[in-house]
Structure formats: C-alpha cells, structure tokens
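Peer 1: Next come a sequence and a model predicted from it.
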Amino acid sequence: MFVNTLYGASPRDIKTYDNQRLREEFVVPDMFVADKVCLTYTHVDRMIVGGAQPVNETLEIASGEALGTETFFDAREMGIANLGGTGSIEVDGVRFTLEHRDVLYVGRGTTGIKLSSKASEKPANFYMNSVPAGEDLPAALIKEANAKPVVLGEEELSNKRTLRMYIHPEVSPSCLLLMGITEPASGSVWNTEPPHLHERRMEAYCYFNMAPEHRVMHFMGEPSEVRAIPIANLEGLISPAWSIHMGAGTGPYCFVWGMTGENKAYWDFTPVEVSELR
Ligand SMILES: O=C(O)C(=O)C[C@H](O)C(=O)CO
Ligand SMILES: [Zn+2]
C-alpha cells in the first residue's frame, strides 16, 4: 500500500537540487497501477497522496497497521476523486457510485472501504488525499454537478478556467481537508496564475485528462527562486506551504487540488505578482 515516504524540504534545500532530485522530493509518479493501491506518505502536514486502479479485483483500504492504528480511518479522513471510468466505493457496506470527476468524502471512524470498477476495460482511477482528522463525519458523495463552480481568469491572458470546490465548507463538510478540480477553458493554458502562497496550508496536485504526449510545465519554489518541473498525465505533486504552485500545459488538462493545514479558508492566500518571480 505505501510505496514511498516524502519527508519534505525547505526552500534552502532546493537551491542545490537538480531536476531529478526535485522530482524525487515533490513529484508523486506511478499512482495508478492495475489492481494496486499506491500511496505515498508525506511528512508535509502528514498528507497521504495516492491512487487505486481496480481493474479485475476489488481493492480494500482498511488496516491501520502502517499508521499504528486499528484501522486506516481511526484518526484520518480522505477525499477520493475518480479520474477514470465509472467505479464504486463501498464505505462500511454502503455503496457509492462515482462517475468521472465525482468525489467521495470518507470520514474518520470508517472501518474500511472497498474500491471496484464497473468495466475492467475502462477502470476507475481513484485519486486519494488523506489527512489527520479530529472528528467522525459521515461519508458523502459529491457529484460534479453539485460542486461549487468558480470561474477565474481571462481568455486574453490564457488563464480562463473553472475551479470546482467539492470538499469545502460551502459544499460538503470535512475536518481540515479541502479538495477540488480545476479545468482550464478551451484555448487557455494556465492554472493558478497569478500565483499565490498560503503559509497556513500545504497543497497536493494531480494532473489528469492530459494526452500522453503533453506536459504541464509546473512552477514551484519561492517567488525569488522559481523552478519548473514538466509533469505528465496522472502524476501528482506535493506543494509545501512556502512554494508557489502554477502551471501551463502544452495541451488540454485538468487537475485535482487538495489542501490541509491550519484552516479550511480557501481564500486565505497571499497573491504573488508575476513580475516578482525570479
Ligand atoms: O487554477 C487555480 O487558480 C486553482 O485551482 C487554485 C488552486 O485550487 C489552489 O492553489 C488553491 O490554493
Ligand atoms: Zn494554492
């Protein structure tokens, strides 16, 4: 289940990193492997990031052995976004069907979840963000149509996009997890531009619905030390609180964003002028 551990890096650390080392520290590759659950444990606000691709098998997340708890959800909540074909997730025996771009919230106190696909030839790709949680909350399915849409950007700046809030105080409750999906408008390439910083929350990204030949040039780092990391379809990223996070794609794409930290105040961030970037 746990395929990697990321311990986090400081702004000073990355000054000496080459591209390979940057990828090792911030990129979460290979999350979707047939009939596997591939999770990465991070020490960045203890966010767990990963994927499950049930093709011919039903996959289960229940044991908390790797976490030192009875069950995985003894002290954790989880957001699960379906980035593939139709699938189902059973939460303590209650079955939820997730279409493409639906999200399921799984609360602390859950005994276990079982993940399956409707059709093995078009498997679900369940992308997961799990964070420590302070109260038990019920599971909740958030259909794309029920997410809160926010239109941002302008066509002439190539940053027009629709950001949908799924796990958010105005849509579906959680302890300290936020999750949503952003889709650039046709002809726009930028996400999260102008950039911002939020020192009180970390952020996790997963890019999807991108053709295999395309990349998102994802920019990270302090505003004065910006680094670019080419990211492929279904790759994830860990964005520490000190780092900007923005990207421009060479083709159409969407991405899932997830956050945790001191609050669930989505707009609690500090804009960064593009002219400040170095
Ligand atoms: O395109 C955007 O803007 C976003 O999706 C912003 C992210 O959700 C984010 O960085 C929230 O802090
Ligand atoms: Zn952000």
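Peer 2: Perfect, thanks for sending it. Numbering: from 1, shown residues only. Ligands and ions are numbered 1, 2, ... in the order given.
Peer 1: Flag every residue of this protein that's near ligand 1.
Peer 2: Residues of the chain found near ligand 1 (CB under 6 Å from any ligand atom) are 152, 161, 163, 180, 182, 191-192, 198, 203, 245, 257, 269. Any C-beta I mention is one placed from the backbone N, CA and C, and that applies to glycine too.
Peer 1: Any chance of these in JSON lines with secondary structure and neighbour count as columns?
Peer 2: As requested, the residues of the chain next to ligand 1 are exported to JSON lines (DSSP: H, G, I helix; E, B strand; the rest coil; neighbours: other CB atoms under 10 Å):
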{"residue": "L152", "secondary structure": "strand", "neighbour count": "17"}
{"residue": "R161", "secondary structure": "strand", "neighbour count": "21"}
{"residue": "L163", "secondary structure": "strand", "neighbour count": "19"}
{"residue": "G180", "secondary structure": "strand", "neighbour count": "25"}
{"residue": "T182", "secondary structure": "strand", "neighbour count": "19"}
{"residue": "N191", "secondary structure": "strand", "neighbour count": "27"}
{"residue": "T192", "secondary structure": "coil", "neighbour count": "24"}
{"residue": "H198", "secondary structure": "coil", "neighbour count": "22"}
{"residue": "E203", "secondary structure": "strand", "neighbour count": "24"}
{"residue": "H245", "secondary structure": "strand", "neighbour count": "25"}
{"residue": "W257", "secondary structure": "strand", "neighbour count": "23"}
{"residue": "F269", "secondary structure": "coil", "neighbour count": "17"}
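Peer 1: Farthest-apart pair in those, please.
Peer 2: R161 and H198 (18.2 Å; CB to CB).
Peer 1: what's the burial count for P11?
Peer 2: When neighbours are counted by other CB atoms under 10 Å, P11 registers 13.
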